[in-house]
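Engineer: 3D, please:
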Amino acid sequence: MNLVSIRVITDDVTRLVEFYERATGVRASRPTEDFAELRTASGTLAIGSTRTVPLFAPGSAAPADNRSVIIEFLVDDVDSVHRQLTGFVADFVKEPTTMPWGNRALLVRDPDGNLVNFFTPVTPEAIEKFAAYAR
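Structural biologist: Below is the predicted model of the structure:
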């Protein structure tokens with residue numbers, strides 16, 4: 001089994017796409033106005049409009065209502081991502097910090113309030129752990 005994607009439901013696909021494109025440097029594909037995908041080597045972040053929810057199960061998902069999931073991106077330089085988002089992101093939850101497990105991490109909220117963690121392994125152990133994901 002492989003995790004292929006995570007889908008975020010939103011009332012404003014364009015707003016979220018703009019945030020994630022800026023934050024990741026990955027260009028989204030937009031097959032329709034109600035759906036976008038940001039594809040990386042290890043998985044896809046899908047962004048769907050609330051208008052797509054009834055296609056799956058009416059009432060099963062609500063936008064801007066998450067308080068339990070953190071979307072995480074391995075990046076080459078977390079401090080660079082922080083500089084890139086300064087003035088664009090309204091909610092820096094935690095400025096770049098080196099965590100006890102060896103990652104330098106930046107925690108923000110996307111425009112819908114979802115937590116997003118950008119991290120760069122900095123200790124030898126963390127670098128080794130994520131070596132398979134290196135670009």
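
Engineer: contacting residues for the most centrally placed residue in the chain?
Structural biologist: For the chain, the residue nearest the mean C-alpha position is Ile71 (4.7 Å; Cα atoms, centre = their mean). Counting by Cβ atoms under 8 Å, 6 or more residues apart in numbering, Ile71 touches 6, 8, 45, 110, 114-117. In this view, the C-beta of every residue, glycine as well, is placed from N, C-alpha and C.

Engineer: Please, a ChimeraX command that selects the buried ones among the residues you listed?
Structural biologist: To isolate the buried ones among these in ChimeraX, judged by 16 or more other Cβ atoms under 10 Å, type:
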select :8,45,110,114,115,116,117
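
Engineer: Closest one to Pro58 out of the contacts of Ile71, please.
Structural biologist: Nearest to Pro58 out of these is Val8 (Cβ to Cβ; 18.3 Å).
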